[in-house]
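Asks: model this:
(4 chains)
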2 protein chains.
Amino acid sequence: MTIQEAARRSGLSAHTLRYYERIGLIHTVGRNGSGHRDYDEQDLEWLAFLTRLRSTGMPIADMCRYAQLLRAGAHTAEERRRMLERHREKVAARIAELTQDLSALDYKITIYRETA
Amino acid sequence: MTIQEAARRSGLSAHTLRYYERIGLIHTVGRNGSGHRDYDEQDLEWLAFLTRLRSTGMPIADMCRYAQLLRAGAHTAEERRRMLERHREKVAARIAELTQDLSALDYKITIYRETA
DNA sequence: GTTTGACTTCGAGCGCACTCTAAGGGCGAC
DNA sequence: GTCGCCCTTAGAGTGCGCTCGAAGTCAAAC
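Replies: Residues are numbered from 1 along each chain as shown, chains lettered A, B, ... in the order given. Below is the predicted model of the structure:
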């Protein structure tokens, strides 16, 4: 599939897809006869996973590290798992923080409503 | 209290405190005889509120807008409340998103553990 | 009295994650 | 065949939120 189609389906821009490839986040995507990128379903799955890591605030550098480990082969599985576990804890902590902030906001809004 | 003390208590750097004042996020803080900033408890409460808005992802520009409304007086209370309500919804949505991402991460980690 | 160190203003610089531009290639429609 | 459009690469530019530096002031310590 073309880069435009991959962009549409992944929610990333074509610019971003090229950028991700350049920095090594995506291993070389296949090319067609004209040298144009040709994405397959596996590429899209990987993009979906990357998108989830990004959306949870993982820095690009860490995602590159993960991608690198994945390419290095099965013997890196444990390190990858540990990376995900550490990241999981950060996400959980972030949810807890936001939940606290949400109550504080709700309280503030209540005061605005009562004062009105 | 000095800017260092205010920085310590607010968790922001002295640089950031000056920056916030410069962009209008903090209305002019009092000065002592030597022209140095002199923060009071009210300033700190405002900083704590700002910190909470930032930590929930509100852009600086929106916080400036809120600060401006607050300075404009009581007749802007309704608009301020609406701002907070809109922001509250964004925070709630973000929590929902992160919660989903967390399950996805947990699932992925489970697979790593089973494969090991 | 001079050194030290924290303060002041204001503008420049930085890190991150894109986002866009320039310069050129390839291919289908007319 | 040439117009239009999308593709390619490499590198420059952008926006955000700080963060730092330069140049100067002031007050307490020695």
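Asks: how about the helix-or-strand element of chain A with minimal mean pLDDT: buried residues?
Replies: Ranked by mean pLDDT, DSSP states H and E, the helix or strand of chain A with the weakest confidence is helix A:3-10, at a mean of 93. Neighbour counts over helix A:3-10 (16 or more other Cβ atoms under 10 Å in any protein chain shown) mark A:3, A:6-7, A:10 as buried. Quick note: C-beta positions are derived from backbone N, CA and C, even for glycine.
Asks: Just give me the closest of those residues to DNA strand D.
Replies: The closest of the buried residues of helix A:3-10 to DNA strand D turns out to be A:Ile3 (Cβ to the nearest atom of the strand; 4.5 Å).
Asks: I'd say that closest one and A:Leu17 touch.
Replies: Yes - using Cβ atoms under 8 Å, A:Ile3 makes contact with A:Leu17 at a distance of 5.8 Å.
Asks: intersection of neighbour lists for the two?
Replies: A:Arg37 (Cβ atoms under 8 Å, 6 or more residues apart in numbering or on different chains).
Asks: what's the nearest residue to A:Leu70 if we skip its chain neighbours?
Replies: A:Arg80 (6.6 Å; Cβ to Cβ, 6 or more residues apart in numbering or on different chains).
Asks: gap between A:Glu89 and B:Ile23?
Replies: According to Cβ to Cβ, to the nearest Å, A:Glu89 stands 34 Å off from B:Ile23.
Asks: What of A:Glu5?
Replies: Distance of A:Glu5 to B:Ile23, given as Cβ to Cβ: 42 Å.
Asks: Over to A:Ile109?
Replies: Taking Cβ to Cβ, one finds A:Ile109 at 25 Å from B:Ile23.
Asks: okay, the two: which has more neighbours?
Replies: Neighbours per residue (other Cβ atoms under 10 Å in any protein chain shown) separate A:Ile109 from B:Ile23, with A:Ile109 holding more: 18 against 13.
Asks: Which residue, other than its chain neighbours, is closest to the more buried one?
Replies: Closest to A:Ile109 by Cβ to Cβ, 6+ apart is B:Leu84, at 5.2 Å.
Asks: wait, what's in contact with the one you found?
Replies: Contacts of B:Leu84 by Cβ under 8 Å, 6+ apart are A:105, A:108-109, A:112.
Asks: Close to chain B: what parts of chain A are there?
Replies: Residues of chain A lying close to chain B (Cβ under 8 Å from any Cβ of the partner chain) are A:49, A:52, A:55-56, A:77-78, A:80-81, A:84-85, A:87-88, A:91-92, A:94-95, A:97-99, A:101-102, A:104-106, A:108-109, A:112-113, A:115-116.
Asks: May I see the ChimeraX selection of the buried members of those?
Replies: Selection command for ChimeraX covering only the buried members of the residues of chain A next to chain B, criterion 16+ other Cβ under 10 Å:
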select /A:49,52,55,56,80,81,84,87,88,91,94,95,98,101,102,105,108,109,112
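Asks: Select from the residues of chain A next to chain B every entry located in helices.
Replies: Of the residues of chain A next to chain B, the ones assigned to helices by DSSP state H are A:49, A:52, A:55, A:77-78, A:80-81, A:84-85, A:87-88, A:91-92, A:94-95, A:97-99, A:101-102, A:104-106, A:108-109, A:112-113, A:115.
Asks: Contact residues of chain A facing DNA strand D?
Replies: A:2-4, A:14, A:18-19, A:22, A:31, A:35-37 (Cβ under 7 Å from any atom of the strand).
Asks: among those, which are in helices?
Replies: A:3-4, A:14, A:18-19, A:22.
Asks: That's all I had, so thanks and see you.
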